[in-house]
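Q: quick one, what's the 3D model for this:
(chains A, B and C)
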Amino acid sequence: MDDQTRMLAGLGGLGGLTQDVGDPDSVRKQLGQPQQDIGDILQQIMAITDESLDEAQARCWPEEAPAQWGGTDDPTEGGGAGRGTAGGALPLNFQHRKHALNCHRMKPALFSVLCEIKEKTVLSIRGVQEEDPPDPQIMRLDNMLLAEGVSGPEKGGGSAAAAAAAAAAGGSPNDGSIEHSDYRAKLAQIRQIYHSELEKYEQACSEFTNHVMNLLREQSRTRPISPKEIERMVSIIHRKFSSIQMQLKQSTCEAVMILRSRFLDARRKRRNFNKQATEVLNEYFYSHLSNPYPSEEAKEELAKKCAITVSQVSNWFGNKRIRYKKNIGGYPAPCYTPDGRL
DNA sequence: TACTATGATTGAAT
DNA sequence: ATTCAATCATAGTA
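A: Sure thing, here's the model as predicted:
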């Protein structure tokens, strides 16, 4: 919000300038006397920006305005909200001046000059940090949320990713399925929160943008605000809101990571195989002691029998071989011929 | 609570 | 891709 308020404050400062400089008298004074030093004019302008409205009024129009100037149907009347004389209706002479300003033939030229000046001063400082490329961090977060199934298409992606993760972790199908559904439920919860928050942010962003745009458009009739400037303001608002969005994405990613580590890290959820499975595996191992390396088919068969995955069978045989060898390490290692005889 | 057993992971070697 | 060896992290037990 800082940028916006700063920006508006900046605009406000120059807005005062328009009204005072735009007055028929002062314009006549300045433009009608080309011999006058340009430095003097600038100095005068700078001085005017520091004056309050009342001071400027007192200086430029010490006498009351002619009576025939009274009343206005100028639609821009409300444009400079909050900058009128405090406490109630604007003085008659102020309204006269505004009306005269808006009808003055020099107004469009002055207006565009002021827009240009603003462009060159206020906005050039800001212009340096314009047009940043798509943030790599937000892209990373987007990719991750998509991969985890939090963002993106409704069902398919999420459950597929979760299933793949579960398979990679090698969770056993029996107890794994319970935890898996638990995981999915929690993920869905995160997903729902993420989407509702995202929607809220998007709504707030568009509402705020519309509001600011309307305000600026309205004010651009009485103050030097170019359409380009409004565009810039909108992009600033969008940047601010996207940084909020990034925070949301970041915290969602964190939540998913925590969930994953809690539910899908198989090491944390290690369960011993049931007695029957261990028996089947041991039976195969000891009956093939000469060559305890089951083929792919044998592994599949064993996996089926034990209700575990093939990779779990592989793990078991890997562990078993090494531990068997270690256990008999104290004694001379038995030597088996390739056909299984001692 | 300390210890052992055990399933999973990792990195190197093949 | 598979295996070995070391290691991690938890389950089970005395």
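
Q: excluding covalently adjacent residues, which one is nearest to residue A:224?
A: Excluding the flanking residues, the one nearest residue A:224 by CB to CB, 6 or more residues apart in numbering is residue A:114, at 3.7 Å. For the C-beta atoms, the positions are set from N, CA and C on the backbone; glycine is no exception.

Q: element containing the one you found, please.
A: helix A:107-127 (DSSP states H and E).

Q: cool, residue A:187 as well?
A: Going by DSSP H and E, residue A:187 is in helix A:173-219.

Q: buried set for the helix or strand just after that helix?
A: Using DSSP H and E, the helix or strand that follows helix A:173-219 in sequence is helix A:227-263. For helix A:227-263, the neighbour count (16 or more other CB atoms under 10 Å) marks A:229-230, A:232-234, A:236-237, A:240-241, A:245, A:248-249, A:252-253, A:255-256, A:259-260, A:263 as buried.

Q: average pLDDT across helix A:227-263?
A: Averaging pLDDT along helix A:227-263 gives 81.

Q: same check on stretch A:150-164?
A: Stretch A:150-164 comes out at a mean pLDDT of 53.

Q: okay, now residue A:114: neighbour count?
A: 21 (other CB atoms under 10 Å).

Q: ugh, wrong one, I meant residue A:138
A: The burial count for residue A:138: 15, using other CB under 10 Å.

Q: model confidence for it, exactly?
A: 79.

Q: follow-up on the earlier one: so which of the buried residues of helix A:227-263 reach DNA strand C?
A: Checked against DNA strand C using CB under 7 Å from any atom of the strand, these yield no neighbours at all.

Q: contact partners for residue A:303?
A: For residue A:303, the contact set (CB atoms under 8 Å, 6 or more residues apart in numbering) comprises A:309, A:310, A:312, A:313.

Q: that one sits in which helix or strand?
A: Going by DSSP H and E, residue A:303 is part of helix A:296-306.

Q: can you give me the buried ones in that helix?
A: Buried residues in helix A:296-306 (16+ other CB under 10 Å): A:299, A:301, A:302, A:303, A:305, A:306.

Q: out of those, which comes closest to residue A:220?
A: In terms of CB to CB, no member of the buried residues of helix A:296-306 lies closer to residue A:220 than residue A:303, at 72.9 Å.
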